[in-house]
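K.L.:
Attaching a predicted model along with its sequence, questions to come.
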Amino acid sequence: MRQLSKTVRAILLCCSFLTQIHVSFTQTPVFIRASVPNEITLTAPEDSLYQYQSTSVYNSTTTIVHFEDIRDHISSHLLSFQIPGTYTNLTVEPRVVESTDSVHYTWSGPANESGFFSITNLENLYSGFIQTDSGAWTILPLREHYSLLLRHNPAALDTVDCVMEEGESAAEPPDYCSEAYNTCPAVIDVLLFFTDEAVAMVPGTRNLP
């Protein structure tokens with residue numbers, strides 16, 4: 001009976017130790033991570049945006065992600081993180097850094113050997129993009145600290161017209177202004193930020209959301 005009691009205590013201590021390890025691991029902050037189920041409840045506009053992007057043929061995946069302050073995750077002047085939903089680890093070297101305070105900054109630079117990463121934080125709303133050899137992602141702000149991570153679907157882009165016209169020579173400089181060169185697909189994300197001064201100066205911007 002005494003031996004059984006010791007065994008039970010040992011099992012309980014082991015379970016307690018493993019629980020502490022699990023809690024410690026799950027609470028370790030990372031720069032960007034995928035949100036877990038039921039972590040947040042989307043409002044109607046947020047859910048509408050999520051559903052729209054999830055069903056878009058131009059996105060192969062749509063993931064709700066959580067961001068921490070980038071400055072808390074810089075080590076030896078480098079940022080390292082794993083792209084959620086992949087096994088791709090990026091190491092980014094800052095080349096362009098503009099910052100006024102902890103919730104207003106832009107941070108961008110080359111990632112690994114041939115990729116690029118850029119992130120903008122405007123009052124804890126994160127937007128930007130990731131480019132690697134294996135894919136491209138757009139980051140759309142959803143709410144404070146949460147964004148949509150959209151992995152582009154290259155199969156949805158028609159590249160049949162992105163070839164040289166018959167008779168063209170590779171040695172001849174192409175006329176990029178011709179109509180033939182305006183059929184190549186591209187995904188261009190444009191995000192505009194209006195300061196209070198700009199809103200006051202530009203007519204018609206006061207009603208912008």
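P.N.:
Happy to help now that I have it.
K.L.:
in the chain, which spans are strands?
P.N.:
32-34, 59-67, 74-75, 78-82, 89-92, 96-101, 104-111, 115-122, 125-132, 135-143, 146-152 (DSSP state E).
K.L.:
most tightly surrounded among these?
P.N.:
Greatest average neighbour count among the strands of the chain goes to strand 146-152 (a mean of 22), per mean count of other CB atoms under 10 Å. For the C-beta atoms, the positions are set from N, CA and C on the backbone; glycine is no exception.
K.L.:
That one - which strands sit beside it in the sheet, and in what orientation?
P.N.:
If you go by DSSP bridges, strand 146-152 pairs up with strand 59-67 (antiparallel), strand 135-143 (antiparallel).
K.L.:
Quick check: which of those strands is nearest to Val97?
P.N.:
Judged by CB to CB, the one of these that comes nearest to Val97 is strand 59-67, at 16.5 Å.
K.L.:
just to revisit the earlier point, mean pLDDT and distance to Leu192 added to the strands of the chain, as CSV?
P.N.:
Supplementary listing: those in CSV, determined by pLDDT from 0 to 100; distance: least, CB to CB, whole Å:
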stretch, mean pLDDT, distance to Leu192
strand 32-34, 95, 23
strand 59-67, 96, 20
strand 74-75, 88, 28
strand 78-82, 93, 26
strand 89-92, 92, 25
strand 96-101, 87, 16
strand 104-111, 92, 14
strand 115-122, 93, 11
strand 125-132, 94, 11
strand 135-143, 94, 13
strand 146-152, 96, 17
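K.L.:
nearest to Leu191, of the strands paired with strand 146-152?
P.N.:
Nearest to Leu191, of the strands paired with strand 146-152 and by CB to CB, is strand 135-143 at 8.4 Å.
K.L.:
which residues are contacting that closest one?
P.N.:
Contacts with strand 135-143, where a contact means CB atoms under 8 Å, 6 or more residues apart in numbering, come from 40, 46, 49-50, 53, 64-65, 83, 86, 88, 119, 122, 125-131, 147-152, 187, 189.
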